[in-house]
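Enquirer: With the input below, show me the fold.
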Amino acid sequence: MGSIKWKLVLLYILLVVFVIVVSGVYIIMSVQRNQYRDTYTELEYTSDRIVDTLQTASLEEESDIQAVFAEVLSALMLESVNLDAKNIYLLDQNGDMIYYRDAALTQADLASRAIMDAMDGRKNDELYVHRVNENDQGVSVGDYARSFDLRYRSSGTDSTYILFIRQTLTEVENTVYNTMMIIITASVVAILVAGVLAYFLAGTISNPLRRLTRKTQEMAKGNLEAAAQETVAMGNNDELTELESNFAYMGRELSNMLREVNNEKNKLSTVFSYMADGLVVYDTEGKLVQSNPAAARLLGDRILYEDFDKIFAPFTIQELLESEEKTHTQLMQVDDAYINAIFVEYMEEEGVVAGLIVVLQDTTEAKQMEEMQKEFVANVSHELRTPITTIKSYVETLIDGAKDEPEVEDQFLGVINHESDRMTHLISELLELSRIDSRQVKLQLEPVDLTDLVKNSVDEHVFLAQQKEQTLSFVGPEQPHYIEADTQRVEQVLRNLITNAIKYSPKKASITLGMRPQPRTGRVEVFVRDTGMGIEKKEQERIFERFYRVDKARSRSMGGTGLGLAISREIMEMHHGEIWVESQYGKGSTFWLSFPLMDQKEETA
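Expert: I've put the predicted structure just below:
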């Protein structure tokens, strides 16, 4: 009975029953009242006929009243006056019986209200209904009484009499009972019909409510798509249907709104997760609320278990929150990394400060670039100052009188010429790097047989190697391997590697150039291997930096500038290639070059 449908059915049936009961009681009472009125009218008519007939009769003596009364009744019966089921009594003015046709009246009957009213001269306006015992059974009867006067001719006087009529109301009761049974039968049928109608009527109310209930349950579970589905009710456009339609519309709008919110949330989450800068959110107590992977990468796991004041000392979160400035910055050093921290307050909807957002920017590369720039300027200054100082000292010596000695003059001029060449070479390589950095170098790309190019480079430097009693050879496949490259630039890279191998390898060292195709990756690798002094592990990561030398004194004495490998790396990157070194200190080094191979279709074209 918990369902609203059955509650509506029960309420409707109770309402119908109430209406039927009230209507039935009213109908039964009305039928009974009409029956009593009809009986009263009939008894009044009968009494009027009896009294009128008696008053028109010629009565000589009072003793003749009984006989005359009996004759009047007989005459009326002959006139079809209905005297059935009526007990007619004639009483004197004191209530004593003068005549009765059926059973005599008892003392209780003589005390009837109808007789008392008649004795007092009052007229009965309505039927006095009560129950009497007849044959040990209760029977409903209706009493009617009236007083009237009769004149006797012999004495010329008037005598007052009371006419009392009692009628059995069995027929009236039967009529009321039959009416009541008809009403009960009709009521039962009406209640059954009303129950069926109420069931279907309640369904028109409960079904939309049940659907709304299911939709609210689905909405509570987060299934807004189900809540947004609209059920079409054929031929029904009532308030519940409109409510259901509005609810479905609300579900669709809410679903769209949540979808947009989730999309924005996903966007922010993606940006938050993959942004290069670290982002850490703290509450007003300095406890971690949220952080992204970049923050964990920059600060490590300490952000998970250390509060704000420990990580960002000497700053404290209370100090920053109470400060009038909206933003603060701090440069931190974590191990070898430099981190720029920016602190910004964030608010709740009510405008209350909720905590701090810390943006972490990795400035290590910028710091290293700044240091490299400083080092570059220092190296350039040093590299230029050394030959200039040498030239200046020799020139001053010549001015002071050394020019008068031909042998000394020739020696000094040779040194000045050598240092001038070093300066010219250094400036040329600096200009070359500057042009490469500013993208002013345009490659003349064309199909090049790398095998032939490497073999030619070996042939060009054989004589230089022989001067140091070194062997320079080529090993590898003889078949051509075509790459798209600028021939002069690739030759420049090979020349740098070969000359370095010759310079920094001892006499009778072995220098080998070779190739190694990589069909799976579509690339070809070239190596330059020597048996020189090798490079330590810590030095291998920096040898491609500008002006970096493993052995500065030895490199400078051999005419090196420290820019050859840096230029080689830039050229390889312009060819979408790679350069790296493998070396074991004391046993030699191997420099590798990797080039992308051309497709066979491009080669034949």
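Enquirer: helix or strand right after the helix or strand of the chain with the lowest mean pLDDT?
Expert: Within the chain, no helix or strand scores below helix 552-557, which has a mean of 48 by mean pLDDT, DSSP states H and E. Sequence order places helix 564-574 as the next helix or strand after helix 552-557, per DSSP states H and E.
Enquirer: tell me what that following helix is packed against?
Expert: helix 406-437, helix 487-503, strand 578-584 (3 or more Cβ pairs under 8 Å, 6 or more residues apart in numbering; DSSP states H and E). In short, each C-beta sits where N, CA and C put it, glycine included.
Enquirer: quick check: angle from it to helix 406-437?
Expert: Orientation of helix 564-574 against helix 406-437 (axes from the mean of the first three to the mean of the last three Cα atoms, to 10 degrees) gives an angle of 30 degrees.
Enquirer: and helix 564-574, how far from the chain's centre?
Expert: Relative to its chain's centre, helix 564-574 lies at 54 Å (Cα atoms, centre = their mean, to the nearest Å).
Enquirer: Tell me which of the helices and strands packed on helix 564-574 lies nearest to residue 290.
Expert: Ranking those by proximity to residue 290 (Cβ to Cβ) places strand 578-584 first, at 39.5 Å.
Enquirer: orientation of whatever helix or strand comes next after the closest one relative to strand 578-584 in degrees?
Expert: As assigned by DSSP H and E, the chain's next helix or strand after strand 578-584 is strand 588-596. Orientation check (the same axes, to 10 degrees): strand 588-596 against strand 578-584 gives 160 degrees.
Enquirer: Pairing partners for strand 588-596, with directions?
Expert: Using DSSP bridges, the strands paired with strand 588-596 in its sheet are strand 523-529 (antiparallel), strand 578-584 (antiparallel).
Enquirer: Break down the stretch 151-300 of the chain into its strands, ranges please.
Expert: For the stretch 151-300 of the chain, the strands defined by DSSP state E, counting those that start in this stretch cover 158-168, 278-283, 288-291.
Enquirer: Tell me which of these sits nearest to residue 346.
Expert: Taking Cβ to Cβ, strand 278-283 is the member of those nearest to residue 346, at 7.5 Å.
Enquirer: residues of that closest one that come out buried?
Expert: Burial within strand 278-283, assessed by neighbour count using 16 or more other Cβ atoms under 10 Å, is assigned to 278-282.
Enquirer: How much space separates residue 336 from residue 368?
Expert: Using Cβ to Cβ, to the nearest Å, residue 336 is found at 9 Å from residue 368.
Enquirer: Mind checking which of the two has more residues around it?
Expert: residue 368 (14 against 8; other Cβ atoms under 10 Å).
Enquirer: Please render the strands of the stretch 151-300 of the chain as CSV that adds mean pLDDT to the earlier fields.
Expert: Output for the strands of the stretch 151-300 of the chain, formatted as CSV (pLDDT from 0 to 100):
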stretch, mean pLDDT
strand 158-168, 85
strand 278-283, 86
strand 288-291, 84
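Enquirer: can you redo these as a markdown table with distance to residue 352?
Expert: Shown next, in a markdown table, are the strands of the stretch 151-300 of the chain (distance: least, Cβ to Cβ, whole Å):
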| stretch | distance to residue 352 |
| --- | --- |
| strand 158-168 | 95 |
| strand 278-283 | 12 |
| strand 288-291 | 15 |
